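Enquirer: Okay, here's the prediction I keep looking at, along with the sequence it came from:
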Amino acid sequence: MRPRGHGVPLLLLAAPSAQAYVWLVSYNNLWQYGTTVSAYLASVVEFDTWCWYYSTYDCVEWYTASVYGVLMQDGGTVASGYDYQSYNYPAGVYLYSEIPCGAGHFYEADGYHQAMWHGDFSDGGADDQTWTFIYVQSTCPPPSIYSMYPAEAERGTSGSLTINGQYLSYATGINVSGAGVSMYVSAILSDNLIEAGYSVASEATPGPRTVTVTTTSGTSNALTFNVTAPSGGGCGDWQKDALIAEYQNPQYQQTWVPACSDVIAPVGSAHFSAAEINQDNDYQASWTITRDSLLSGLECVRAAGGNQPMVLTGGYRNPANQMRINPDSPNSRHTRGDAADVGETNSYRRLQMKQNWGPACGACVEPLERTETWVHFDWRGSCPVGW
């Protein structure tokens, strides 16, 4: 799609005179490129004469320009920005947003423009508001599936399983090769995780079946589901077993496997909800690993900081989600249930968290140069050198 936008009609800036040759020009361009919507908004001052060339009534010695831009998707803000140029430069902001796949969306770019100017004989200023709209649609990539749990069942049984992958939000069906096994999508838990029901006929032939997931954008690669004898064991809940199985899956490179007792129902504290702590947990509706040391430690740091609100940007992560977020650190303390990230950009509070509040509460605090907009705390016990 070609860029869309408009230069707003010129707004008069000059002080009263017979002829005025100074304008505020407002730009607002909005366009789609691939799976991204972008907007560029600018405030530009145009005029005929610099005062250092010709000292005339309408000459300009210096000017300032500013622009505040907002990019909205379906009525909600997805990006915003502000630019102010104090001395003879145009102001501009570039905004962008990834388009959610699978459905159409309306995007709007709103601009708020201002300019001031000064000349030898007169001063002026103006402001303007612009807006541009487009309707876009982005097709989802075909789904990919990585793992399935459980991946086997005995003949004559039925139950539930989870399928982990990517681009699963628009799953419409599950295909199973051969006879005697059927599956269906029972719940879409996230873009990376679906719940499925299965049924194995009593007369089904033992052996492997291939399983694929179909979405509105295509069909996934295949995984194997085995019809076999009962395996026994487990924690008594299929979702808890599925979470523990991620720690046993070589794909996620874990060096520790939780016991059934380590996996608990989501829990929070006085000032930190279970939803905040499990925002990056694919199993957040049912199971988590959340240590008491994490909850009490966060409350301690909050109290040390004068009980000012602290916003969690990360807490417990199941291994599959940790691999998606930071594949370079598969065994992050986030997978152990004793770590949290606190969003903080105030330099004073960041330094206090690192040097005073965190250590006083028994926390290991990651070096601040690695975490520019957040502070990482964990309660592992023995901290790495430099933490």
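Expert: Noted; the coordinates are in hand.
Enquirer: Check the gap between the residue lying closest to D280 once chain neighbours are set aside and R370 for me.
Expert: Once flanking residues are discounted, D280 sits nearest to R317: 4.5 Å by Cβ to Cβ, 6 or more residues apart in numbering. Glycine gets a C-beta too; all of them are placed from N, C-alpha and C. Separation of R317 from R370 (Cβ to Cβ, to the nearest Å): 17 Å.
Enquirer: These two: which is more packed in?
Expert: More crowded of R317 and R370, by other Cβ atoms under 10 Å: R317, with 26 against 8.
Enquirer: Contact partners for that one?
Expert: D280, N281, I325, S332, H334, T335 (Cβ atoms under 8 Å, 6 or more residues apart in numbering).
Enquirer: Pull the most distant pair out of those.
Expert: Maximum pairwise distance among those (Cβ to Cβ): 13.2 Å, between N281 and S332.
Enquirer: What values do phi and psi take at the residue nearest to R291 when sequence neighbours are not counted?
Expert: Sequence neighbours aside, D338 is the residue nearest to R291 in space, at 4.3 Å (criterion: Cβ to Cβ, 6+ apart). With angles defined as degrees, to the nearest 10, D338 sits at phi -120, psi 20.
Enquirer: how about V37, secondary structure?
Expert: strand (DSSP: H, G, I helix; E, B strand; the rest coil).
Enquirer: cool, and V301?
Expert: Secondary structure for V301, judged by three-state DSSP, is helix.
Enquirer: S329 and T290: what is the separation?
Expert: S329 is 19 Å from T290, by Cβ to Cβ.
Enquirer: With Y21 instead?
Expert: In terms of Cβ to Cβ, Y21 sits 67 Å off from T290.
Enquirer: Neighbour count: these two, which is higher?
Expert: Higher neighbour count among Y21 and T290: T290, with 25 against 17, using other Cβ under 10 Å.
Enquirer: Okay, and the more buried one sits in which element?
Expert: Using DSSP states H and E, no element contains T290; it sits outside every helix and strand.
Enquirer: ok now do it, which residues does it touch?
Expert: Per Cβ under 8 Å, 6+ apart, neighbours of T290: I264, P266, V267, A274, I277, N278, G315, Y316, G337.
Enquirer: With adjacent residues omitted, what lies nearest to it?
Expert: G337 is the one closest to T290 (Cβ to Cβ, 6+ apart), at 5.0 Å.
Enquirer: Closest one of the contacts of R317 to P150?
Expert: When the contacts of R317 are compared against P150 (criterion: Cβ to Cβ), the nearest one is N281, at 20.1 Å.
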